[in-house]
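In: Fold the following and give me the result.
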Amino acid sequence: MSKKINEMEQIQNGSAPEKGAGAPKVRSALGVRIAKYATALVVVLVLFWFGFTTVVKEGNCAVILRFGAVREEITDAGLYFKLPWPFESVVSYDNRLQYLEANRLETTTKDKRNIIIQSYVAWEISDPVLFHNSVGANGSVNSYINDQVFSATNSTMGSYELTALVSLEKEQIKIDQIQQEIYTRVHDNCLANYGIHVVDVSILRLSLPDANLDAVFEQMRVDRQKDIDIIIANAYLKANEINTEADSEAAEITGQGTTEAAKIKAETETAVAKIYADAQAANIELYQFLKNLDTVVASVNNKTVLVVKADEYPFSILTEYSKYMTDENGNQTVINDLNYILSHPDLAPEDRTALINAIAALINEAAADNGIVTEEPTP
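Out: Have a look, this model is predicted:
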């Protein structure tokens, strides 16, 4: 025994013989011992690593529990120290933005119409401690969010009619307003009760029960009929405006024409009165003749058959003028009348020439009937 002790001391002092029968055995024993120490150190380090540290990965959050109660919350990735189990434990949660399609919900609108709505929710954990205490790691977070969406949707849709979701009138559709109200309710409740930050809540699908399809189609027909009625009313209004403008223009034109006709008639009557006055002043017999002739003309037309007394006014003109034609002054009367007419200043030259030619033609015709040859008059 003392010999082995001496050998060990020599080995430790470095004075052991390099050669000899006992050297290999000494080196082998030393290697085994070193290996044991190294293994023990590794075991201690592993136990320390797993027992006294925890690693929070990127995109996760965690809470450190001491005897089941939260001691610390961790929101940043990294290495953290803790006591080994059963003193402390670590629970990690996915802290990334997550997407959830809520369950299909059949709800009722303000006008008692049933609709089916499915929404989607984008959410993330904002308070790990509150999330752990209220939801925990039992995987029921989706049911909590579904409950909040269900409640918020029911409460919101009870204040809106079906036309806020389905309508041909753009101003009646209020989907954005409805989504905002649902989001506000879900966001506030989830943040206060579960430590969940809801980023977005929007309507994913909107459908109707079969029983409500007829009502929706009827509503669409009513809305379309409203558009038709508005178009027809505008057309009638435009037509009335056009008719009113046309009537106004026609009345204006008619008024102008009536005024112009009255003006022309007044001017004509003035001219006729002047002619009558001039005729009366120049030849009272011709004036009376013309007046009597006007009276006769005004009394008959081309279909009138008269049985009259030729010696009574105004028809006495027919016999009175003939007297002038048969007595000795008849020719002179005709000459005086013709002279008055041909010398009247209002008679146009071409009319005067035409009248002279007509009289000459009558004279020639009368002369020819009596066998008298006459010369052509010069105008």
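
In: Give me the number of neighbouring residues for Ile228.
Out: Residue crowding around Ile228 was assessed by other Cβ atoms under 10 Å; the count is 9. In this view, the C-beta of every residue, glycine as well, is placed from N, C-alpha and C.

In: so it is in which element?
Out: Using DSSP states H and E, Ile228 sits within helix 210-282.

In: same check, this time on Asn189
Out: Asn189 belongs to helix 175-194 when assigned by DSSP H and E.

In: Please export the C-alpha coordinates of that helix as CSV.
Out: Extracted in CSV, the C-alpha atoms of helix 175-194 (Å, rounded to 0.1, in the frame of the first residue of the first chain):
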residue,chain,number,x,y,z
ILE,A,175,-70.9,47.8,-43.8
ASP,A,176,-67.9,49.9,-42.8
GLN,A,177,-69.7,51.4,-39.9
ILE,A,178,-71.0,48.0,-38.8
GLN,A,179,-67.6,46.5,-38.9
GLN,A,180,-66.1,49.4,-36.9
GLU,A,181,-68.7,49.0,-34.1
ILE,A,182,-68.1,45.2,-34.0
TYR,A,183,-64.3,45.7,-33.9
THR,A,184,-64.6,48.3,-31.1
ARG,A,185,-66.6,46.0,-28.9
VAL,A,186,-64.4,42.9,-29.5
HIS,A,187,-61.2,44.9,-29.1
ASP,A,188,-62.2,46.6,-25.8
ASN,A,189,-63.6,43.4,-24.2
CYS,A,190,-60.6,41.1,-25.3
LEU,A,191,-58.0,43.7,-24.1
ALA,A,192,-59.7,44.2,-20.7
ASN,A,193,-60.6,40.6,-19.9
TYR,A,194,-58.0,38.4,-21.7
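
In: What strands line up against the helix or strand following it, and which way round?
Out: Using DSSP H and E, the helix or strand that follows helix 175-194 towards the C-terminus is strand 196-207. In the sheet, strand 196-207 lines up against strand 114-125 (antiparallel) (DSSP bridges).

In: low pLDDT regions in the stretch 151-300 of the chain?
Out: Filtered on pLDDT under 70, the stretch 151-300 of the chain yields the residue ranges 211-213, 215-216, 276, 279-290, 292-294, 296-300.

In: can we see that at 90?
Out: When residues are selected by pLDDT under 90, those of the stretch 151-300 of the chain lie in 157-173, 175, 194-195, 203-229, 233-234, 236-241, 243-300.

In: same deal with the stretch 1-150 of the chain?
Out: Looking at the stretch 1-150 of the chain by pLDDT under 90, you get 1-98, 101-116, 118, 125-144.

In: ok, which stretches of it are strands?
Out: Under the criterion DSSP state E, counting those that start in this stretch, the stretch 1-150 of the chain contains strands at 53-56, 60-66, 69-74, 78-81, 88-94, 98-101, 105-108, 114-125.

In: can I get the ones you listed in CSV with distance to Val198?
Out: Compiled in CSV, these are given as follows (distance: least, Cβ to Cβ, whole Å):
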stretch, distance to Val198
strand 53-56, 24
strand 60-66, 17
strand 69-74, 20
strand 78-81, 27
strand 88-94, 16
strand 98-101, 10
strand 105-108, 17
strand 114-125, 5
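
In: Throw those into a markdown table and include mean neighbour count, thanks.
Out: Shown next, in a markdown table, are those (neighbours: other Cβ atoms under 10 Å):
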| stretch | mean neighbour count |
| --- | --- |
| strand 53-56 | 16 |
| strand 60-66 | 20 |
| strand 69-74 | 14 |
| strand 78-81 | 11 |
| strand 88-94 | 16 |
| strand 98-101 | 14 |
| strand 105-108 | 14 |
| strand 114-125 | 19 |
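
In: Kindly calculate the angle that the helix holding Ile228 makes with strand 196-207.
Out: Going by axes from the mean of the first three to the mean of the last three Cα atoms, to 10 degrees, helix 210-282 is angled at 70 degrees with respect to strand 196-207.

In: what's helix 210-282 packed up against?
Out: Packing partners of helix 210-282 (3 or more Cβ pairs under 8 Å, 6 or more residues apart in numbering; DSSP states H and E): strand 114-125, helix 284-299.

In: how about 7 Å then?
Out: helix 284-299 (3 or more Cβ pairs under 7 Å, 6 or more residues apart in numbering; DSSP states H and E).

In: separation between Leu237 and Thr244?
Out: 11 Å (Cβ to Cβ, to the nearest Å).

In: mind listing what Arg66 touches?
Out: Contacts for Arg66 (Cβ atoms under 7 Å, 6 or more residues apart in numbering) come out as Phe87, Glu88.

In: Run through the bridge partners of it.
Out: Ala69, Glu88.

In: Relative to Val56, how far out is it?
Out: Counting by Cβ to Cβ - Arg66 and Val56 are separated by 17 Å.

In: before we move on, what about Ile175?
Out: Counting by Cβ to Cβ - Ile175 and Val56 are separated by 41 Å.

In: Lys110 now?
Out: 48 Å.

In: same thing with Lys238?
Out: Distance of Lys238 to Val56, given as Cβ to Cβ: 74 Å.

In: How about Asn146?
Out: From Asn146 across to Val56, the span is 28 Å (Cβ to Cβ).

In: now do Thr109
Out: According to Cβ to Cβ, Thr109 stands 47 Å off from Val56.

In: Pull out the buried positions in stretch 243-263.
Out: Residues of stretch 243-263 include none that count as buried (16 or more other Cβ atoms under 10 Å).

In: Kindly report the same for stretch 266-277.
Out: Per 16+ other Cβ under 10 Å, stretch 266-277 contains no buried residues.

In: how about the CA coordinates for it, as CSV?
Out: Provided in CSV are the C-alpha atoms of stretch 266-277 (Å, rounded to 0.1, in the frame of the first residue of the first chain):
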residue,chain,number,x,y,z
ALA,A,266,-105.4,99.6,-88.2
GLU,A,267,-103.0,101.0,-90.8
THR,A,268,-105.2,99.4,-93.5
GLU,A,269,-108.4,100.9,-92.1
THR,A,270,-106.7,104.2,-91.8
ALA,A,271,-105.6,104.0,-95.4
VAL,A,272,-109.1,103.0,-96.5
ALA,A,273,-110.6,105.8,-94.5
LYS,A,274,-108.3,108.2,-96.1
ILE,A,275,-109.2,106.9,-99.6
TYR,A,276,-112.9,107.2,-98.7
ALA,A,277,-112.3,110.7,-97.4
